[in-house]
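Novice: Here is the input, now give the coordinates:
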Amino acid sequence: MQFATISKSAVFGVALVLAASAFASTKGSLQLTNPVTVHGTTLKPGDYKVEWEGSGPNVEVSILQGKKVITKVPGHLVDLKMPAANSAAITQQEGGTSNSLHAIRFEGKAFELELGDTGGMQDGSSK
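Specialist: Predicted coordinates for the structure are as follows:
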């Protein structure tokens, strides 16, 4: 009987570890080499933290510099066909003069974080 109790405890412990790892991917890093606009806010070149909250593919994204929240924007998690080879900030030209931050990819992760009310794009599509 004691063996069954140990097995149940081991299974419970593994379940906790798996649950914790499922939530571990709610943060990432973003490095910008050029200014970009996000939800009406201009981000200067530099290092930022990206955090997101929500269940399912729709999330709320916070972009921080240090501990200061610079902006919040709705986002959408989109599966990629394969993990990203490197981290990348994906931008789109807006009005011919400024770049808008459209999405963020994180090295080794098989998803992309699209920013704004994008409605989702196809897996691994180029931007």
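
Novice: Within its sheet, name the partner strands of the host helix or strand of residue 52 and how each one runs.
Specialist: Secondary structure from DSSP states H and E places residue 52 in strand 46-53. If you go by DSSP bridges, strand 46-53 pairs up with strand 27-32 (antiparallel), strand 58-65 (antiparallel).

Novice: Which one of the ones you listed lies nearest to residue 48?
Specialist: strand 27-32 (4.3 Å; Cβ to Cβ). The way it works is simple: take the backbone N, C-alpha and C, and place the C-beta from them, glycine included.

Novice: got the contact list for residue 90?
Specialist: 101-105, 112, 127 (Cβ atoms under 8 Å, 6 or more residues apart in numbering).

Novice: which one among those residues gets closest to residue 80?
Specialist: residue 112 (5.7 Å).

Novice: gap between residue 51 and residue 92?
Specialist: Shown here: residue 51 relative to residue 92, a distance of 23 Å by Cβ to Cβ, to the nearest Å.

Novice: quick one: contacts for the most centrally placed residue in the chain?
Specialist: Closest to where the C-alpha atoms of the chain average out (Cα atoms, centre = their mean) is residue 113, at 4.4 Å. By Cβ under 8 Å, 6+ apart, the contact list for residue 113 reads 28, 50, 52, 59, 61, 75-78, 103-106.
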